[in-house]
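# Need coordinates for the following:
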Amino acid sequence: MNSDFHNSTPSRWLRTKLEEVAEIAMGQSPPSSTYNDKGNGLPFFQGKAEFTELHPVVRKWCSEPNRIAEANDILVSVRAPVGATNIANQKCCIGRGLAAIRYRPQHRFLFYYLRLVERKLDEKGTGTTFRAISGDVLRELDFPLPPLPEQHRIVEKIEALFSELENGIEQLTTAKQQLKVYRQAVLKWAFEGKLTNEEIKEGELPEGWRWVKLKDVADKITDGEHFRPNTQENGIPFLSAKDVRDEGVSFDEPLFIAEETATKAMQRCNPERGDIVIVSRGATVGRMCIVNTDVGFSLLGSVILIKVNKSVNSRFINYVLKSPIAYQKMIAISGATAQQAIYLRDIKNIGIPFCSIEQQYAVVQAIEDRLSVSDKLEESVTQSLHQAEALRRSILKKAFEGKLVPQDPMDEPASVLLERIRTEHT
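Sure thing, here's the model as predicted:
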């Protein structure tokens, strides 16, 4: 397997194949009757699903393991997704979705190298249903071998730089979470009159406001057709839960239904620009947005349509429903089971705060002024997180090109290390 990461490695380094310096064991799944969640036997890992940033988390055990990895072995996902890595922190059983690679001189050196070439490994994956790589791909993997003292220096430098990087990422992630909290606070304040400087008592509505039911300010509240769409390549697009995004509807990966079926469906539910759509069931229950396209489309039954009365600002209603004052009610009525669902009879009768059209426009303006600033801040944070990930990769690239730490002519040559490894293997 060719690699372009170490074409200019230092002269004191050797370029080998992974099988020359490491022991590689492909996983093998034991009989399902030997699995358990009682802690009997060895921890059993099957693939990336158990991986964290560093060590896998134990969810199952195996009483009769077929393939065993030892502590400090590098676990590599060899079935979709290919290339992900963790370090075993205890003796364990590995299923066919993993391989265990034992590199005794400095296991973290190999770990960081595999993190660098993860995409290269994934590109070697084959198969139509599940992409996978064979043991031969791992055995033939090019491996840069520096002197052992330099390997230790490289690992130490990588981990020092990564520690600083993680601190920065943690702060950025915290900032992103704080922006999310701030957005919810803005929506809460908006419907307490705090954004428009109205003097009100805690728990009361601003002057001139009143409580109404959602159905009182909407011309129509309905859901889509409960049909089973096919995956034909043209026709009328339909909107399902996956297409409802916070910023608007999305047809990035459109699915279509026959025009005849769509015509019937749109007699019941005809979404138009400015309408509100809400996911009514599933993992994203309660997600909503305003229709921001003039493309004619139909709704699947998992999405609710709200046609706000023409005398009402639909953006005001959208923000009301996203605010804690109404959103928490929607989630509460959807139930606490795995299959949460919002039913038409319930959402029609949700109580919401309401005011004059002039006040609605003032509230929307106040909200969007603040959310605009928040969005720009989040964009900056997201860009910084992308840069942090690029920096992480740059650090690894420099490390395995021999440019991260200085070479020491007093180090034992890599050739001596390689010979010692070969001797130990035999």
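# Could you list the domains of this structure?
Residue ranges of the domains in the chain are recorded as 14-146, 148-197+356-406, 210-354, according to automatic domain parsing.
# Go through those domains and name the closest to Ala414.
Comparing these by their distance to Ala414 (CB to CB), the top pick is domain 14-146, with 4.5 Å. No exception for glycine: its C-beta is placed from N, CA and C like everyone else's.
# gap between the closest residue to Tyr35 other than its chain neighbours and Glu50?
Setting aside the residues directly before and after it, Tyr35 is nearest to Lys60 in space (CB to CB, 6 or more residues apart in numbering), at 5.3 Å. Relative to Glu50, Lys60 is positioned 8 Å away (CB to CB, to the nearest Å).
# Give me the more crowded residue out of these two.
Between Lys60 and Glu50, Glu50 has the larger neighbour count (other CB atoms under 10 Å), namely 22 against 18.
# correct me, but the more buried one touches Val58?
Yes: with contact taken as CB atoms under 8 Å, Glu50 and Val58 are classed as touching, separated by 7.5 Å.
# just checking, what packs against the host helix or strand of Arg345?
Element membership of Arg345 [criterion: DSSP states H and E] is helix 344-347. With contacts defined as 3 or more CB pairs under 8 Å, 6 or more residues apart in numbering; DSSP states H and E, helix 344-347 has these neighbours: strand 218-223, helix 324-333.
# After it, which helix or strand is next? Please name it.
With elements assigned by DSSP H and E, the helix or strand that comes after helix 344-347 is strand 351-354.
# pLDDT below threshold where in the stretch 151-300 of the chain?
Low-confidence regions of the stretch 151-300 of the chain, defined here as pLDDT under 70, cover residues 197-203, 227-233.
# what ranges do the helices span in it?
Here the stretch 151-300 of the chain has its helices, by DSSP state H, counting those that start in this stretch, at 259-268.
# That one: strands as residue ranges?
Listed in chain order, the strands found in the stretch 151-300 of the chain under DSSP state E, counting those that start in this stretch are 210-213, 218-223, 236-239, 244-245, 248-249, 256-257, 276-279, 288-290, 298-299.
# For the second one, buried residues please.
Residues of strand 218-223 classed as buried under the neighbour-count rule (16 or more other CB atoms under 10 Å) are 218, 221, 223.
# Nearest spatial neighbour of the last one, chain-adjacent residues omitted?
Once its chain neighbours are removed from consideration, Asp223 has its nearest residue in Ile304; the separation is 4.9 Å (CB to CB, 6+ apart).
# Just give the number of residues close to the one you found.
Considering only other CB under 10 Å, Ile304 is surrounded by 24 other residues.
# So that it lines up with my notes, have the first residue be 29 from now on.
All set: I'll call the first residue 29, so the last point we hit is now Ile332.
# That one belongs to a strand, doesn't it?
Yes: going by DSSP: H, G, I helix; E, B strand; the rest coil, the assignment for Ile332 places it inside a strand.
# All good on my end, thank you.
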